[in-house]
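Visitor: based on what follows, work out the 3D shape:
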Amino acid sequence: MTTDLGIVLALLLATIGMFALNRPRMDAVALIMVVALPLSGVIGVDAALAGFSDPNVILIAALFVVGEALVRTGVAQRVGDLLMRSAGASEARLIVLLMVLVAGIGAFMSSTGVVAIFIPIVLRIAAHSGIPAGRLMMPLSVAALISGMMTLVATAPNLVIDSLLRREGLAGFGFFAFTPFGVPVLALAIGWMLVARRWLARGAVAAPGGRPRLADWIDAYGLADREFRIRIGAGSALAGRRLDQLSLRATEGVNILGVERRAGYGQRLIHPAADTVLQPGDVLFLDVIGKGADVDRICASLDLTRLPMSGRYFSDHAQDIGMVELMLPPDSPLVGQSPVAVRFRSVFGLAIVGMRRDNRPVEGPVAEVPMRVGDILLAVGPWKAIRNLMRRRDLIVLSLPAELDEVIEAPGRALPAVAILAGVVVLMVSGVVPNVLAALAGCLALGLFGCIDMAGAYRAIHWQTLVLIVGMLPFSAALQATGGVALAAEGMMWLIGTAGPRTALAAVFVLTVVMGLFISNTATAVLVGPVALAVAAELGVSPWPFAMTVALAASSAFLTPVSSPVNMLVVGPGNYRFADFLRVGLPLAVIVLVVAVALVPLVFPFGA
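Guide: Numbers count the residues shown, from 1 in each chain. Next comes the predicted model:
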């Protein structure tokens with residue numbers, strides 16, 4: 001062993017130790033090594049910083065943006081809603097559909113992002129169905145990890161291995177090269193989770209913070225009997241007129257909270273403004289604010305048709321209409337005045353529809369009731385206006401509903417987002433342009449069609465992951481330059497002895513999984529990948545089956561809650577213990593090992 005190799009191994013052991021202790025953060029450790037390796041003289045500065053120019057690092061960043069666009073446009077949420085409707089009351093069907101959906105979505109976006117999206121969905125399903133959350137959270141994390149075995153872009157380790165092959169002058173993997181292994185693994189994992197769920201019967205966990213939902217406020221403030229929907233007839237005097245020309249609040253004692261208007265194949269809810277022009281066929285969502293208001297008389301005199309009104313109206317339109325509970329501070333200029341007198345709707349963009357005084361709801365219309373210090377006001381309006389209240393000092397925001405976290409930021413952009421994603425996949429599969437250009441073009445198209453903005457794109461990128469990859473890549477170069485990769489390959493060959501290449505595949509798989517217990521799967525792929533290629537060279541066989549085995553093993557982080565961020569996310573909601581992951585994850589790792597050893601050589605022959 002040379003002095004340079006000793007220095008590299010010492011730094012590598014220090015890195016693994018800091019990763020295991022999680023002190024400092026993994027990205028900080030990676031940056032430390034970017035500085036330490038060139039200072040040691042083992043590699044130059046250019047080699048240490050080469051990761052910043054790696055196309056796959058840019059590709060991973062672009063894919064984070066694509067995934068965020070699917071969230072902002074509501075594509076992921078609609079898939080979750082479809083899951084709730086399709087599963088019905090069957091727990092087994094729910095687990096099957098959940099795992100298939102998560103693995104399918106995770107094939108095109110960050111698995112960590114997928115789990116973050118589905119956790120509130122799964123908790124809601126658990127609360128409604130009575131199924132313990134622990135029986136659903138583990139299938140969620142397992143499916144998210146398996147999604148990394150579906151496509152080239154599904155997880156960072158796949159791209160790291162692909163980049164390694166290309167740096168060695170070899171052909172990389174195709175977009176769906178992983179799918180022949182991911183599909184059988186998913187099928188077997190679903191079967192195993194249907195058996196293993198009996199060990200995960202933990203109690204369901206309440207939603208974080210116990211935040212109220214809109215339905216709770218509808219009941220608490222008695223709104224169900226005070227709201228009305230009316231349709232404007234073709235001959236109505238309201239048709240073709242602006243809202244500021246009508247003065248319905250002053251003349252009829254009603255307030256328009258929303259205007260439902262046909263758009264394409266559905267309805268969209270328009271937030272009323274002074275310049276909103278009403279059209280025949282529009283449906284007005286009204287709140288009675290005057291004590292003498294008579295909705296039936298208004299309908300008869302203005303050629304309006306009264307429509308059925310459900311108490312769930314606010315909940316059903318939670319993407320368009322929000323609610324917030326407010327309180328007046330003692331020095332607020334609003335104290336002693338009614339919402340109508342201070343023109344609350346015009347000033348704040350919200351309508352006061354409920355009031356609680358002395359912990360009891362004020363009956364009847366509240367728009368003309370003078371507001372006192374200590375009154376709790378319930379306001380309705382666009383989510384944007386509700387968020388703007390956070391910056392005001394004349395009102396105190398007491399409570400926001402749980403639906404705020406589920407609001408789609410770019411409604412109506414789901415179809416363009418799906419079309420752009422399909423276009424990116426087609427470009428990657430066809431190979432017309434490099435993958436990184438296809439992903440960057442997709443990001444530009446998503447911005448052009450309003451699926452995401454620049455601020456959202458920058459927030460979507462998981463910088464810690466990128467820095468980790470960039471910081472670990474120099475280790476690969478340092479180990480190769482100092483003979484560490486060759487030494488590790490010789491050690492594995494000594495352990496394997498005269499056994500065949502399938503045994504070598506199994507050994508590479510086990511090494512990758514064991515290292516993944518201590519460091520991230522991305523860092524594991526960076527370190528084990530070159531060793532696997534060196535073993536293939538020693539055996540005189542094709543490198544592709546060994547590279548694929550490393551990628552599959554890197555996604556088999558089932559064994560501990562710290563093996564992957566995906567597992568860490570579900571520990572709390574699932575109320576899991578360390579032993580739960582070991583009990584469920586060890587058989588899953590064995591399943592992937594068997595699939596890899598049996599199928600990988602069939603798709604990528606050793607003699608190729």
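
Visitor: ok, longest helix in the protein?
Guide: Secondary structure assigned by DSSP state H gives helix 578-603 as the longest helix of the chain.

Visitor: buried residues in that helix?
Guide: Of the residues in helix 578-603, those buried under the neighbour-count criterion (16 or more other Cβ atoms under 10 Å) are 580-581, 584-585, 588-589, 591-593, 595-597, 599-601. Bear in mind the C-beta positions are built from the backbone N, C-alpha and C, glycine included.

Visitor: any idea how this structure splits into domains?
Guide: As assigned by automatic domain parsing, the chain contains the domains 1-209+450-608, 212-400.

Visitor: now the end-to-end length of the last one.
Guide: By that I understand domain 212-400. Terminal residues of domain 212-400 lie 8 Å apart, using Cα to Cα, to the nearest Å.

Visitor: show me how far that domain is from its chain's centre.
Guide: Centroid separation for domain 212-400 versus its chain: 32 Å, with Cα atoms, centre = their mean, to the nearest Å.

Visitor: next SSE after the lowest-mean-pLDDT helix or strand in the chain?
Guide: Ranked by mean pLDDT, DSSP states H and E, the weakest helix or strand in the chain is helix 313-316, scoring a mean of 64. With elements assigned by DSSP states H and E, the helix or strand that comes after helix 313-316 is strand 322-327.

Visitor: I'd like the next helix or strand past that following strand.
Guide: On the C-terminal side of strand 322-327, the nearest following helix or strand under DSSP H and E is helix 344-348.

Visitor: does anything pack onto that following helix? Which helices or strands?
Guide: strand 351-357, strand 376-381 (3 or more Cβ pairs under 8 Å, 6 or more residues apart in numbering; DSSP states H and E).

Visitor: in TSV: those strands, plus distance to Ala537.
Guide: Rendered in TSV, the data for the helices and strands packed on helix 344-348 read as follows (distance: least, Cβ to Cβ, whole Å):
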stretch	distance to Ala537
strand 351-357	72
strand 376-381	66
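
Visitor: quickly compare those and say which is most buried.
Guide: Burial among the helices and strands packed on helix 344-348, expressed as mean neighbours by mean count of other Cβ atoms under 10 Å, is greatest for strand 376-381, which shows a mean of 24.

Visitor: contacts for it?
Guide: By Cβ atoms under 8 Å, 6 or more residues apart in numbering, the list of residues contacting strand 376-381 from outside reads 217, 221, 257, 271, 287, 314, 321-328, 339, 344-345, 348-357, 371, 386, 398.

Visitor: with stretch 96-106 instead?
Guide: Residues from elsewhere that reach stretch 96-106 (Cβ under 8 Å, 6+ apart): 70, 76, 79-80, 82-83, 86-87, 114-115, 118, 122, 136, 139-140, 142-144, 146-148, 150, 154, 182, 186, 189-190, 193-194.

Visitor: quick check on those residues: which are buried?
Guide: In the contacts of stretch 96-106, burial by neighbour count holds for 70, 76, 79-80, 83, 87, 114-115, 118, 122, 136, 139-140, 142-144, 146-148, 150, 154, 182, 186, 189-190, 193, counting by 16+ other Cβ under 10 Å.

Visitor: worst average pLDDT in the domains of the chain?
Guide: Taking the average pLDDT of each of those, the minimum falls on domain 212-400, with a mean of 80.

Visitor: Thr305 - that's part of a strand, no?
Guide: Yes: read with DSSP: H, G, I helix; E, B strand; the rest coil, Thr305 is one of the residues of a strand.

Visitor: that one pairs with what?
Guide: Using DSSP bridges, the bridge partners assigned to Thr305 are Arg231.

Visitor: wouldn't it be in contact with Phe228 here?
Guide: No: with contact defined as Cβ atoms under 8 Å, Thr305 does not reach Phe228; the gap is 11.3 Å.

Visitor: I figured Leu344 hits Ala351, correct?
Guide: Rather than Leu, residue 344 is Phe. Yes: look at Phe344 against Ala351 with Cβ under 8 Å: they come within range, at 7.2 Å.

Visitor: compare Thr305 and Phe228 and say which is more crowded by neighbours.
Guide: Neighbour tally, Thr305 and Phe228, criterion other Cβ atoms under 10 Å: the higher count belongs to Phe228, 20 against 12.

Visitor: mind checking the SS state of the closest residue to the more buried one other than its chain neighbours?
Guide: Taking Cβ to Cβ, 6 or more residues apart in numbering as the measure, Phe228 lies nearest to Leu286, with 4.5 Å between them; neighbours along the chain are not counted. Reducing the assignment at Leu286 to three states with three-state DSSP gives strand.

Visitor: neighbours of Leu286, how many?
Guide: For Leu286, which is what you asked about, the neighbour count (other Cβ under 10 Å) is 24.

Visitor: so what's it bridging to?
Guide: Following DSSP bridges, Leu286 is listed with bridge partners Phe228, Ile256.

Visitor: with that, I have no additional questions.
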